[in-house]
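> Just to be clear, the model below is a prediction. Sequence and coordinates:
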Amino acid sequence: MAKVAREMVERAGVNVDQLLELLVKNAAAELTTYYYYTILRVNLIGLDGEGIKEIAEVARIEDRNHFEALVPRIYELGGKLPNCMKEFHDISACPPANLPKDPRDIKAMLQTLVEAERCAVRGYTHICNLTAGKDHRTYDLALAILNEEIEHESWFSEFLGEGPSGHFMRHGETSPFVSKFLK
């Protein structure tokens, strides 16, 4: 644990235990979403599904990267991950992104994907609001993840016909905002 890091965050007025709870729950959401997106991606077949598969894959890999980037900060602040994977799954900040009853229903699949991203956007916005001007490292990390989650949401919402977002699919690059935390 980085004792001075925790001390400085506490002195800035952040409830570190509350922050750690949020970080762990969001780390759980990222890892479980990675798992569920694997199942969703495998089931994106046929003409409609194949067009979404690459985007789902980028979001899946970036969610894994988000988990990997969150873990060091959790431990720096004196937190830890649960010892039991089932417990970790069950404390996720977001509900499971389960495969729809009819996996050939691409619109239902997209709805699952976009709702998972919207939950993440809400969670990281909350963490940014708690840490802005107080915990620079956590804020920077949460903001980087938030930027990627907003892009994921926009990609899926466009496929649902909710309107243009101005975001474009990234080719050959994953986690452009979060990559600095993975080095």
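Cool, got the structure.
> all helices for this structure, in order.
3-11, 16-42, 46-76, 85-90, 106-131, 136-159 (DSSP state H).
> quick one: the fifth one to chain centroid distance?
The chain centre lies 8 Å from the centre of helix 106-131; the measure is Cα atoms, centre = their mean, to the nearest Å.
> and that helix, what's its mean pLDDT?
Across helix 106-131, pLDDT averages out at 97.
> Would you mark the buried spots in it?
Residues 106, 109-110, 112-114, 116-121, 123-124, 127-128, 130-131 are the ones in helix 106-131 that count as buried (16 or more other Cβ atoms under 10 Å). Placement of C-beta: from N, CA and C, glycine included.
> related to what we said a few turns ago, could you save the helices of the chain as JSON lines and add columns showing distance to residue 99?
Shown next, in JSON lines, are the helices of the chain (distance: least, Cβ to Cβ, whole Å):
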{"stretch": "helix 3-11", "distance to residue 99": "39"}
{"stretch": "helix 16-42", "distance to residue 99": "5"}
{"stretch": "helix 46-76", "distance to residue 99": "12"}
{"stretch": "helix 85-90", "distance to residue 99": "16"}
{"stretch": "helix 106-131", "distance to residue 99": "8"}
{"stretch": "helix 136-159", "distance to residue 99": "15"}
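> Indicate which one of those helices is closest to residue 174.
Residue 174 lies closest to helix 46-76 among the helices of the chain, at 5.2 Å (Cβ to Cβ).
> Now do the buried residues in the closest one.
Buried residues in helix 46-76, counted by 16+ other Cβ under 10 Å: 49, 52, 55-56, 58-60, 62-71, 73-74, 76.
> Okay, angle between that helix and helix 3-11 too, please.
Between helix 46-76 and helix 3-11, the angle comes out at 100 degrees (axes from the mean of the first three to the mean of the last three Cα atoms, to 10 degrees).
> Nice, that's everything, thank you.
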